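How does the following fold in three dimensions:
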Amino acid sequence: MSSTVKFHGKAPLPMRDGVTPSYLWLPEGDWPDLISFMAHNYPAVTEVQWRERMARGDVVDGEGRALGPDSPYRRNLRIFYYRELEAETPIPFEEEIIYQDEHLVVADKPHFLPTIPTGRFLQETLLVRLRRKLGIEDLVPIHRLDRETAGVVVFSSNLNSRGAYQSLFQKRLVQKEYEALAGALDGRDFPFLYRSRMVDGDKFFIMKEEAGEPNSETMIDVAERRADGQVLYRLWPHTGRKHQLRVHLAALGIPIVNDAFYPVALPCKEDDVSQPLKLLARAIGFPDPLTGEWRYFESRRSL
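The predicted structure follows:
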């Protein structure tokens, strides 16, 4: 099956309600018409729904010409369409824009809001919300936060300078600071560096540690000891492994409060937003590749 991705050139369909069109290339194959291929290869959208989209003119080729159910199947034809969801549960927390210029948009993401469209989330994502709010079609996150994590996310709004900012992350020139609420850790002098080898877990959505050369490291310090015995930790990840901070604190015996994945993956809470993961991307800093000045952005949220 061919894959679908977001198009980063000039698409023949405009942004609609914050959503830019997806596209696919038709692979080698022998199909009597376009609808036969689409209904067979993309069953998440029914044939009736594909026909409705085509009737509205929401399925076009690379030149913007409308495609219909009886359009001939042609290898390497590029098809544009809008991703749609029948129903989407509203996420009752608001993002905040903390900085904007001609190159960057910096947002303060709430817990439970995905950074980009995925699975059952489309309109209720930080990217689509910002595109709707700002009207910037070519808005792209330079990095991402998990849905469960709140805090600072940096977006590029200018294609000409995007590569320069993206290279900062590739070269590890970005300083990230997090906060996490967890139990007390005894027998350690703070701050200290925790290192381990992280690999994919037994379930596709989690990670685990194993013996071997470390490939992840986090600096850990205490920011505040609270009366209820919980501790607010300050964390500086030196690497960017998936779920790194959650895995590291769980391995130390102090899993982050309300972590549904570590140390044990609990049943999915679906749309329950009553117990946010107590993990916050507090701040991000980097040398601006255009001016050389140090840029620093801090979340206004707290745990």
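
So which residues make contact with the longest helix along the chain?
Ranked by residue count and defined by DSSP state H, the top helix of the chain is helix 159-170. Outside helix 159-170, the residues that touch it by CB atoms under 8 Å, 6 or more residues apart in numbering are 8, 103-104, 138, 140, 142-143, 154, 156, 174, 240, 286-287, 289-290. Yep, even glycine has a C-beta here, placed from its N, CA and C like the rest.

Just flag the most distant two among those.
Greatest spacing in the contacts of helix 159-170, by CB to CB: 8 and 287 (25.6 Å).

Pick the one among the contacts of helix 159-170 closest to residue 53.
residue 8 (22.3 Å).

low-scoring stretches of the protein, by residue?
For the chain, the stretches with pLDDT under 70 are 1-9.

how is it carved up into domains?
4-81, 96-171, 177-279 (automatic domain parsing).

looking at those domains, which is buried most?
Of all these, domain 96-171 carries the top mean neighbour count, a mean of 18, counting by mean count of other CB atoms under 10 Å.

Checking residue 48 next. Helix, strand or coil?
helix (DSSP: H, G, I helix; E, B strand; the rest coil).

For residue 133, see how far away the nearest residue to residue 55 once chain neighbours are set aside is.
Spatial nearest neighbour of residue 55, chain neighbours left out: residue 68 (7.9 Å); criterion: CB to CB, 6 or more residues apart in numbering. The gap separating residue 68 from residue 133 is 35 Å, by CB to CB, to the nearest Å.

my guess is residue 155 is in a strand, correct?
Yes. Remark: residue 155 belongs to a strand, assigned using three-state DSSP.

Now do the end-to-end distance for stretch 196-208.
For stretch 196-208, the first-to-last residue distance is 10 Å (CA to CA, to the nearest Å).

Report the central residue of the chain.
Closest to where the C-alpha atoms of the chain average out (CA atoms, centre = their mean) is residue 115, at 3.7 Å.

Let me know the distance separating that one from residue 142.
11 Å.

Likewise for residue 86?
From residue 86 to residue 142 the distance is 31 Å (CB to CB).

in which helix or strand would I find the nearest residue to residue 213 once chain neighbours are set aside?
Take residue 213 and drop its neighbours on the chain: the residue closest to it by CB to CB, 6+ apart is residue 197, 6.1 Å away. Assessed by DSSP states H and E, residue 197 sits inside strand 192-200.

can you list contacts of stretch 109-121?
The contact list for stretch 109-121, computed with CB under 8 Å, 6+ apart, reads 19, 83, 85, 88, 91, 93-95, 124-129, 141, 144-145, 147-153, 273, 276-277, 281, 301.
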